[in-house]
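A.B. asks: Next one to model:
(chains A and B)
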Amino acid sequence: MEEAIIIEKGVIILIVFAITMLFAMYCTLAERKIAAWIQDRRGPNRAGPGGIFQPLADGLKLFSKEEFMPNTPNTFLFVLGPTISMTMALMTSAVIPWGDSLEIGGRTVLLQATDINVAMLYVFAVLSVSVYGIMIGGWASNNKYSLMSAMRVASQMISYEIAMGLSIIAVIMMSSSMSLRDIAASQHEMHWNIFYQPLAFFIFLVCSFAETNRTPFDLAECEQELIGGYHTEYSSMRMGFFLFAEYAAMFISSTLLAVLFLGAYNYPGMTWAAENWGTNVANGIGIGVLFIKICFFLFLYMWVRWTIPRFRYDQLMNLGWKTLIPLAIINIIITAVVILLNQ
Amino acid sequence: MSIETVSLSGRKKQVANKKMTFAERIYIIAIAKGMWTTLKHMFKKKVTISYPEQTRPFSDVYRGRHMLMRDDEGRERCTACGLCALSCPAEAITMKAAERTADEKHLYREEKYAEIYEINMLRCIFCGLCEEACPKQAIYLTKSKQIVFSDTSRESFIFGKEELVMPLEMAIKNTQKTQA
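C.D. replies: The predicted model follows:
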């Protein structure tokens, strides 16, 4: 039995890792394609049919480039930066429920690497550590622009984490559990959290944009002012790792958004499907539904990037501290009152 | 109607420094409008022309590479008068005249011909003034799509008679066409 669990979890972890990597890879292509379409262009279409081999070509190019190391006293930290970014981006996926459960050979397989009861805390802990990747990388670069960008990222991420955490408290209050599986299960059929907590969803969405350093909050990269910011001095695959980590983080935060607010793997008619076609089929469809939701959020990220211009630094801080945090607190109070009244 | 209110483009707008209302200040409506605009653009016709597969039609007055013409009997029309070189604003054309001998009558139409005729394609601006200046209708700017091939040596861009004179096969074909 012990071995069976190890194999089962190992397979799930491998699949999740592969899917995250694949999504991050193809996000780069999707981003370029969507950018092109929004700007009335065609986008990359030379590598393979419709350009589907473009990410491979980009990866190959990055691998074959010269590794340049700036004149910095902190070579260890310089290498550590992208490593932390990448690791932390991938670590969050451990607690995400990718589907309900499947019956395979008389065993009930939970489609999740691990179901811990403090999953939300774990997610926030990992998110908080991921800021170090950029900070260390930017600081070790020994470059004014990189340092500036690192400072910006640090303050931006710390400020938005507060609003993010506060917004999610309302959701935790409703499901009375911090386990992502319980939160997902509490949204069965169409009882999605977005209908009960639209304000929390909105705050969480805005904070996700800030946490992943995406436009309109991409002050960290800021090509025009900071020449790429924290990855100015990076080249070759280390630079690729930073960019890759950004896309992996984007995928994971899309997944979190889908799991927390858009009902995870739940879809209307799930119980009907389970009764008529069997649980395995119903839950299999659920996995597909979750991925459709994830793709929607990924598209939203890209769509917003090519629509909204970058915020100014003081606007960013004002929005975080003076708008989102008070709104999140008000939302908690309202939720608490409604829950108490319904008891 | 005073001059201040006239709007020739029809897009003149009076700007005011008024305070934004609450709905404007939260920007959500403006952001939604912007998102709608970008979404509409996603499904619009693309303006890109996929170059090697698709080419844009050339204009009727397009001027490509030069050609020194031959007449119906395949003789070179150029008489090396030098008017093209004189008219060339970029000073790209040089030539050296020579006298036709008796046994060269089938090669050159006039008694004088261009022994050397060179155009520096790096200097040429394809203005077509040589074509207009030529009294013998000897030089034309064709509609060729390829103007010059890329190269690393400057000398290769100085086109001599080998590159410029109309190929004989082409002259034969032209004559056959006019006779048919």
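
A.B. asks: For the rest of this, base every contact and every neighbour count on C-alpha atoms.
C.D. replies: OK.

A.B. asks: Surely residue B:117 is in contact with residue B:160?
C.D. replies: Yes. When contacts are counted by Cα atoms under 8 Å, residue B:117 is listed as touching residue B:160 (5.7 Å).

A.B. asks: and residue B:98, what are its phi and psi?
C.D. replies: phi -150, psi 160 (degrees, to the nearest 10).

A.B. asks: and the gap between residue A:113 and residue A:277?
C.D. replies: 26 Å (Cα to Cα, to the nearest Å).

A.B. asks: Most distant residue from the centre of chain B?
C.D. replies: residue B:22 (56.8 Å; Cα atoms, centre = their mean).

A.B. asks: Could you check the pLDDT of it?
C.D. replies: Note for residue B:22: predicted pLDDT of 81.

A.B. asks: swap in residue B:129?
C.D. replies: Reported pLDDT for residue B:129: 92.

A.B. asks: Pull out the buried residues from the longest helix along chain A.
C.D. replies: Counting residues, the longest helix found in chain A (DSSP state H) is helix A:2-38. Neighbour counts using 16 or more other Cα atoms under 10 Å in any protein chain shown place A:9, A:12-13, A:16-17, A:20-21, A:23-38 of helix A:2-38 among the buried residues.

A.B. asks: Pick out the residue closest to the middle of chain B.
C.D. replies: So for chain B, Cα atoms, centre = their mean, it's residue B:63, sitting 4.0 Å from the centre.

A.B. asks: Regarding that residue, which helix or strand does it belong to?
C.D. replies: If you go by DSSP states H and E, residue B:63 is not part of any helix or strand.

A.B. asks: and if you look at the one 4 residues further on?
C.D. replies: Here residue B:67, judged by DSSP H and E, is contained in strand B:66-68.

A.B. asks: now for that strand, which elements pack on it?
C.D. replies: strand B:139-141, helix B:161-164 (3 or more Cα pairs under 8 Å, 6 or more residues apart in numbering or on different chains; DSSP states H and E).

A.B. asks: Need the winner for burial among these.
C.D. replies: Of the helices and strands packed on strand B:66-68, the one with the most neighbours on average (mean count of other Cα atoms under 10 Å in any protein chain shown) is strand B:139-141, at a mean of 20.

A.B. asks: ok, it: who's next to it in the sheet?
C.D. replies: Applying DSSP bridges, strand B:139-141 is found paired with strand B:66-68 (antiparallel).

A.B. asks: If you count neighbours, what's buried in the partner strand?
C.D. replies: B:66-68.

A.B. asks: what do you get for stretch A:210-224?
C.D. replies: A:210-222.

A.B. asks: Give me the contact list for that stretch.
C.D. replies: A:149-150, A:152-153, A:156-157, A:160-161, A:209, A:226-231, A:246, A:249-250, A:253, A:301, A:304-305, A:308-313, A:316 (Cα atoms under 8 Å, 6 or more residues apart in numbering or on different chains).

A.B. asks: returning to what we had before: so between residue B:117 and residue B:160, which is more surrounded?
C.D. replies: residue B:117 (23 against 16; other Cα atoms under 10 Å in any protein chain shown).

A.B. asks: Report whether the more buried one is found in a strand, as I expect.
C.D. replies: Yes. Secondary structure assignment places residue B:117 in a strand (DSSP: H, G, I helix; E, B strand; the rest coil).

A.B. asks: contacting residues around it?
C.D. replies: Contacts of residue B:117 (Cα under 8 Å, 6+ apart): B:93-96, B:160-161.

A.B. asks: what about 7 Å?
C.D. replies: Contacts for residue B:117 (Cα atoms under 7 Å, 6 or more residues apart in numbering or on different chains) come out as B:94-96, B:160-161.

A.B. asks: In TSV, list those residues along with pLDDT and distance to residue B:169.
C.D. replies: Formatted as TSV, the contacts of residue B:117 follow (pLDDT from 0 to 100; distance: Cα to Cα, whole Å):
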residue	pLDDT	distance to residue B:169
B:94	92	26
B:95	92	25
B:96	92	26
B:160	90	19
B:161	90	16
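
A.B. asks: Looking at these, which one is closest to chain A?
C.D. replies: residue B:160 (38.2 Å; Cα to the nearest Cα).

A.B. asks: Thought residue B:118 was touching that closest one, still the case?
C.D. replies: Yes. Taking contacts as Cα atoms under 7 Å, residue B:160 lies within contact range of residue B:118: 4.5 Å.

A.B. asks: Quick one: name the residues of chain A near chain B.
C.D. replies: A:37-42, A:307 (Cα under 7 Å from any Cα of the partner chain).

A.B. asks: For those residues, name the two members farthest from one another.
C.D. replies: Pairwise distances among those were taken by Cα to Cα; the largest, 17.6 Å, belongs to A:42 and A:307.

A.B. asks: what about the residue in the stretch 201-343 of chain A positioned nearest to chain B, how many neighbours?
C.D. replies: In the stretch 201-343 of chain A, the residue that lies nearest chain B is residue A:307 (6.0 Å; Cα to the nearest Cα). Using other Cα under 10 Å, residue A:307 has 21 other residues around it.

A.B. asks: Tell me how far it lies from residue B:31.
C.D. replies: From residue A:307 to residue B:31 the distance is 8 Å (Cα to Cα).

A.B. asks: Can I get the helix ranked longest in chain B in CSV, CA atoms only?
C.D. replies: Longest helix of chain B, by residue count under DSSP H: helix B:28-42. Provided in CSV are the C-alpha atoms of helix B:28-42 (Å, rounded to 0.1, in the frame of the first residue of the first chain):
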residue,chain,number,x,y,z
ILE,B,28,-13.7,50.4,-14.2
ILE,B,29,-15.9,51.7,-16.9
ALA,B,30,-13.0,53.2,-18.8
ILE,B,31,-11.0,49.9,-18.5
ALA,B,32,-14.1,47.9,-19.6
LYS,B,33,-14.4,50.1,-22.7
GLY,B,34,-10.7,49.7,-23.4
MET,B,35,-10.9,45.9,-23.1
TRP,B,36,-13.9,45.9,-25.5
THR,B,37,-11.8,47.9,-28.0
THR,B,38,-8.9,45.5,-27.9
LEU,B,39,-11.2,42.5,-28.1
LYS,B,40,-12.8,43.9,-31.3
HIS,B,41,-9.4,44.3,-32.8
MET,B,42,-8.6,40.7,-32.2
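
A.B. asks: now the angle between helix A:2-38 and that helix, please.
C.D. replies: 80 degrees (axes from the mean of the first three to the mean of the last three Cα atoms, to 10 degrees).

A.B. asks: Pull out the buried residues from helix B:28-42.
C.D. replies: B:34-35, B:38-39, B:41-42.

A.B. asks: do the same with stretch A:125-142
C.D. replies: A:126-128, A:130-142.

A.B. asks: So for residue A:113 and residue A:277, which sits in the more crowded spot?
C.D. replies: residue A:113 (21 against 11).

A.B. asks: That one in helix, strand or coil?
C.D. replies: Residue A:113 is classified as coil under three-state DSSP.

A.B. asks: Phi and psi next, for it.
C.D. replies: Per degrees, to the nearest 10, the backbone of residue A:113 is at phi -70, psi -50.

A.B. asks: doesn't residue A:8 make contact with it?
C.D. replies: No. Counting by Cα under 7 Å, residue A:113 stays clear of residue A:8, with 9.1 Å between them.
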